[in-house]
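[1] no sequence on this one, just coordinates:
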């Protein structure tokens, strides 16, 4: 095999949906998972795409992720819903949160859904974009198990705390910021290990908690901007996890048997732009703001890039050329049980 | 003069309040401004304390800040209020926003106030802390005129976009994160210029947009974590300014005569913790989470520090020893017109 296989998004998404339906998810939930994974792959966020399928299947096998969760609404006010996702896959729970937050925002201008107890939330931009496409400001954040050093500590103490903000943009194309609070992502660390590329200073620690630029020795990601990155990550835990009574960090460091089980909590917030002004005018003003910044003299040959721009460029290219499936991911997918004789979406 | 004068918080706050009352602010508004400035000085955020008084007075003289603004509620739903602060001083407008957000959150679990058109918002932690003291999660963010380079650009394109998150903590002491999205603050840059200390790599550009570590040459702050810091700053503009129809960045770069006038917009969001669980239990869980992280092995001699910890240490010291007033600030205050014969709060 000389390089990655390339698959068109549509057949890939149908394949992924069929895989998760066969693994016991409802048709709707399987469609949510497939849509979110392929959304990330199209935008070049390969760490949150089909490379996750193997680990999702392992979580399903172990019962850590439930194929048939029982969601329960714990609190519901005209402005806020708290629901327990019962170890659901992240995407269907987040799709539900988007829908409910939008309904509340349509009525009152503002809606918040607190999602309690998913497994892996997925790329947040997928969900804030869905809000922005409905004319909403969308804000999403999530809390997870410790993967990143707290500033000044020698060990992982907080999650890499993702945050996404999306707003309606010109030509109905949302502006999306999708970031995590680490100095580098776990995916970038993995890639540096694979290619044996030295890391920049100040982005990782080794297993003993000492700073390192050796990708092979690096095991813990440092927070972006020191206390700011880890401070954000801690606050996301206090917001997303503790308000809904599902502590992740405190239990992780306790002797509770389930303390280290993979689980996440999230916030999805929506503000209805049209409630406070004209939506088309808002989109024009976004365009005017972006044009003002993009017009500044640039230090980079490609010019000044806006949030989500790299993702859109990837989207255009991958819609045209197909999504690259690295050999390791292709092998992993080929080896998964496919009881109904489900065909791989590539010649193999 | 061998060093800074030290003044106790109480007489200093009374003096500042009297100054702003004499400058034409209502008693309530003057009290808000004085409380917010001394709050920042007590916590060591000297850039947002009494060192601002001179520039506030200049803004008042020019009419850019209005002593007697006419606030107007532009939108009011059970969950959201948008109000136009009419070039008010920031603190009274933010105090109003805190009160309204808390009222809405008490009723529905969630409240958002969008503050349109203040001048200088002030240290956001002062206002999120006020929410946390009422049992709320408080989130505040603000948009301002360009002071920071957009990632990849050679010129200032976005504000340093402050963000604060506070939650109720153990012993009724809120946990407060108060950060800006620059690699360093404008205050740190000024301090480096004064002491002629070289800057770290990657925190500032000179007036030509070239990277520099020479504090004297540095004129533009770079964003923290590159595209993340400037992406956040841009999104805050799209959230705080454009939703309420008060564009800052787009107008700054336009040929509108008022485009460069000093103005800010802000969001204040509150979530009522007790609506979704037991507040005392929440505070215990915050303590348990903080203890887990603070207990990790540390890379720093002082141990692992939590958000707001440095501020609390400063508060304790300055309540005891008084607030240091640098000679330049003392001179500036002594030179201000004090029509009623108002005495300085120090022997001078």
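    Cool, the structure landed. This structure is a prediction, so every number in the text was calculated from the model and none was measured.

[2] in the helix or strand of chain A with the lowest mean pLDDT, what's buried?
    With mean pLDDT, DSSP states H and E as the measure, the helix or strand of chain A carrying the lowest mean pLDDT is helix A:186-195 (a mean of 87). By neighbour count with 16 or more other C-beta atoms under 10 Å in any protein chain shown, helix A:186-195 contains the buried residues A:188, A:189, A:192, A:193. Heads up, the C-betas are built off the backbone N, CA and C, glycines and all.

[3] Redo those as TSV? Include distance to chain B.
    TSV is the format used below for the buried residues of helix A:186-195 (distance: C-beta to the nearest C-beta, whole Å):
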residue	distance to chain B
A:188	13
A:189	15
A:192	17
A:193	21
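
[4] can you list the domains in chain A?
    A:5-182+A:223-335, A:183-222 (automatic domain parsing).

[5] quick one on the thing from earlier: which helices and strands sit right next to the least confident helix or strand of chain A?
    Applying 3 or more C-beta pairs under 8 Å, 6 or more residues apart in numbering or on different chains; DSSP states H and E, one finds that helix A:186-195 contacts strand A:218-221.

[6] so where does the closest residue to residue A:65 other than its chain neighbours fall, helix or strand?
    Of all residues not flanking residue A:65 in the chain, residue A:59 sits nearest, at 3.8 Å (C-beta to C-beta, 6 or more residues apart in numbering or on different chains). Using DSSP states H and E, residue A:59 maps to helix A:53-62.

[7] do the same with residue A:317
    Using DSSP H and E, residue A:317 maps to helix A:309-321.

[8] ok, and for that helix, which residues are buried?
    Across helix A:309-321, burial judged by 16+ other C-beta under 10 Å covers A:309, A:311, A:312, A:314, A:315, A:318.

[9] For that helix, which outside residues touch it?
    Contact with helix A:309-321 is made by A:6, A:9, A:41, A:42, A:43, A:44, A:45, A:125, A:173, A:176, A:178, A:324, as judged by C-beta atoms under 8 Å, 6 or more residues apart in numbering or on different chains.

[10] Which parts of the stretch 51-200 of chain A are helices?
    Under the criterion DSSP state H, counting those that start in this stretch, the stretch 51-200 of chain A contains helices at A:53-62, A:90-108, A:125-133, A:186-195.

[11] all strands for the stretch 201-348 of chain A, in order.
    Along the stretch 201-348 of chain A, the segments classed as strands by DSSP state E, counting those that start in this stretch run A:204-206, A:218-221, A:264-272, A:323-325.

[12] Just name the most buried of those.
    strand A:264-272 (a mean of 27; mean count of other C-beta atoms under 10 Å in any protein chain shown).

[13] mind listing what it pairs with, with the direction of each?
    Using DSSP bridges, the strands paired with strand A:264-272 are strand A:110-118 (antiparallel), strand A:136-143 (antiparallel).

[14] Kindly reformat those strands as a markdown table containing mean neighbour count.
    Listed next are the strands paired with strand A:264-272 as a markdown table, based on neighbours: other C-beta atoms under 10 Å in any protein chain shown:
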| stretch | mean neighbour count |
| --- | --- |
| strand A:110-118 | 27 |
| strand A:136-143 | 28 |
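
[15] Any chance of those strands in JSON lines with distance to residue B:269 and mean pLDDT as columns?
    Below are those laid out as JSON lines (distance: least, C-beta to C-beta, whole Å; pLDDT from 0 to 100):
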{"stretch": "strand A:110-118", "distance to residue B:269": "9", "mean pLDDT": "98"}
{"stretch": "strand A:136-143", "distance to residue B:269": "10", "mean pLDDT": "98"}
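
[16] will you turn these into JSON lines that also has distance to residue B:65?
    Output for the strands paired with strand A:264-272, formatted as JSON lines (distance: least, C-beta to C-beta, whole Å):
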{"stretch": "strand A:110-118", "distance to residue B:65": "29"}
{"stretch": "strand A:136-143", "distance to residue B:65": "28"}
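
[17] Quick one: residues contacting residue A:118.
    Residue A:118 neighbours (C-beta under 8 Å, 6+ apart): A:85, A:87, A:88, A:89, A:90, A:93, A:94, A:263, A:264, A:265, A:266.

[18] thinking again about what came up before, where among the domains of chain A is average confidence lowest?
    Ranked by mean pLDDT, the domains of chain A bottom out at domain A:183-222, with a mean of 93.

[19] residue contacts, the closest residue to residue A:76 other than its chain neighbours?
    Distance criterion C-beta to C-beta, 6+ apart; nearest residue to residue A:76, sequence neighbours excluded, is residue A:82 at 7.7 Å. Shown in contact with residue A:82 (C-beta under 8 Å, 6+ apart): A:73, A:74, A:75, A:76, A:113, A:114, A:116, A:244, B:276.

[20] wait, doesn't the fifth one sit right on residue A:79?
    No - in this structure residue A:113 lies outside contact range of residue A:79 using C-beta atoms under 8 Å: 10.2 Å.

[21] Find residues that contact each of the two.
    residue A:104.

[22] one step back: contacting residues for the residue nearest to residue A:65?
    Going by C-beta under 8 Å, 6+ apart, residue A:59 touches A:65, A:119, A:120, A:262.

[23] so who does the last one touch?
    Contacts for residue A:262 (C-beta under 8 Å, 6+ apart) come out as A:59, A:64, A:65, A:119, A:120, A:145.

[24] and the gap between the residue lying closest to residue A:95 once chain neighbours are set aside and residue A:61?
    On the basis of C-beta to C-beta, 6+ apart, the spatially nearest residue to residue A:95 that is not a chain neighbour turns out to be residue A:32, at 4.8 Å. Here residue A:32 is placed at a distance of 20 Å from residue A:61 (C-beta to C-beta, to the nearest Å).

[25] Neighbour count: those two, which is higher?
    When residue A:32 and residue A:61 are compared for neighbours, residue A:32 comes out ahead with 25 against 11, by other C-beta atoms under 10 Å in any protein chain shown.

[26] centre of the chain versus stretch A:116-125, how much separation?
    6 Å (C-alpha atoms, centre = their mean, to the nearest Å).

[27] One more: stretch A:182-190?
    With C-alpha atoms, centre = their mean as the basis, stretch A:182-190 stands 14 Å off its chain's centre.

[28] which other residues reach that stretch?
    Residues outside stretch A:182-190 that contact it (C-beta under 8 Å, 6+ apart) are A:46-47, A:147-148, A:160, A:192, A:199-200, A:202-204, A:215, A:218, A:221-225, A:229, B:225.

[29] PyMOL command to pick out the buried ones of those residues?
    Restricted to buried positions by 16+ other C-beta under 10 Å, the PyMOL selection for the contacts of stretch A:182-190 reads:
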select buried, (chain A and resi 46+47+147+148+160+192+199+203+204+215+218+221+222+223+224+225+229) or (chain B and resi 225)
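
[30] Please name the residues that touch residue A:159.
    Counting by C-beta under 8 Å, 6+ apart, residue A:159 has contacts A:142, A:143, A:144, A:145, A:146, A:147, A:148, A:233, A:236, A:237, A:248, A:249.

[31] ok, so of the residues you listed, who is nearest chain B?
    Of all the contacts of residue A:159, the one with the least separation from chain B (C-beta to the nearest C-beta) is residue A:249, at 5.1 Å.

[32] number of nearby residues for the closest one?
    Using other C-beta under 10 Å, residue A:249 has 28 other residues around it.

[33] now residue A:26
    By other C-beta under 10 Å, the residues close to residue A:26 number 14.

[34] Give me the distance between the residue nearest to it when sequence neighbours are not counted and chain B.
    Nearest residue to residue A:26 in three dimensions, chain neighbours excluded: residue A:68, at 7.3 Å (C-beta to C-beta, 6+ apart). Counting by C-beta to the nearest C-beta, to the nearest Å, the gap from residue A:68 to chain B is 26 Å.

[35] What of residue A:339?
    42 Å.

[36] Can you get me a residue count around that residue?
    Using other C-beta under 10 Å, residue A:339 has 7 other residues around it.

[37] Who's the closest spatial neighbour of it, skipping the chain neighbours?
    residue A:22 (5.7 Å).
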